[in-house]
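Visitor: here is a sequence together with a model predicted from it:
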Amino acid sequence: MTTPPTPPPQTPSPSLAGTGAFEELEKLVAAAKEDYLKAIGGNKAACTRVRHSMQAIKQQAQALREKILESRATTP
């Protein structure tokens with residue numbers, strides 16, 4: 001049994017292309033990973049840092065979501 005080919009990556013719409021919002025979200029997640037690993041190991045200070053990082057991730061995700069909805073509304 002063969003697996004279906006992976007679809008090519010989608011290019012961002014012109015209104016989102018220069019924003020870098022998704023890249024910023026990826027950076028925030030990557031930055032939180034080390035503290036997350038420390039937190040699950042029992043480091044309480046790392047738990048606090050992870051919670052703060054997760055709040056920033058949530059805000060960035062919401063901003064990205066709004067930009068996507070905005071571009072969808074303006075696209076014919």
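Guide: Looks like it came in fine. Numbering: from 1, shown residues only.

Visitor: list the buried residues of stretch 69-76.
Guide: By neighbour count on 16 or more other CB atoms under 10 Å, the buried set for stretch 69-76 is Ser71. Where C-beta positions appear, they are placed from N, C-alpha and C, glycine not excepted.

Visitor: I should have written stretch 56-68 there, sorry.
Guide: For stretch 56-68, by 16+ other CB under 10 Å, it's Ile57, Gln60, Leu64, Lys67, Ile68.

Visitor: tell me how far stretch 67-74 is from the chain's mean position?
Guide: When distances are taken as CA atoms, centre = their mean, to the nearest Å, stretch 67-74 is centred 17 Å away from the chain's centroid.

Visitor: need the CA coordinates for it. PDB is fine.
Guide: The C-alpha trace of stretch 67-74 is given here as PDB (Å, rounded to 0.1, in the frame of the first residue of the first chain):
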ATOM      1  CA  LYS A  67      -5.100  38.800  10.100                       C
ATOM      2  CA  ILE A  68      -6.200  35.600   8.300                       C
ATOM      3  CA  LEU A  69      -9.900  36.500   8.800                       C
ATOM      4  CA  GLU A  70      -9.200  40.100   7.600                       C
ATOM      5  CA  SER A  71      -7.500  38.800   4.400                       C
ATOM      6  CA  ARG A  72     -10.400  36.400   3.800                       C
ATOM      7  CA  ALA A  73     -12.900  39.200   4.100                       C
ATOM      8  CA  THR A  74     -11.000  41.400   1.600                       C
END
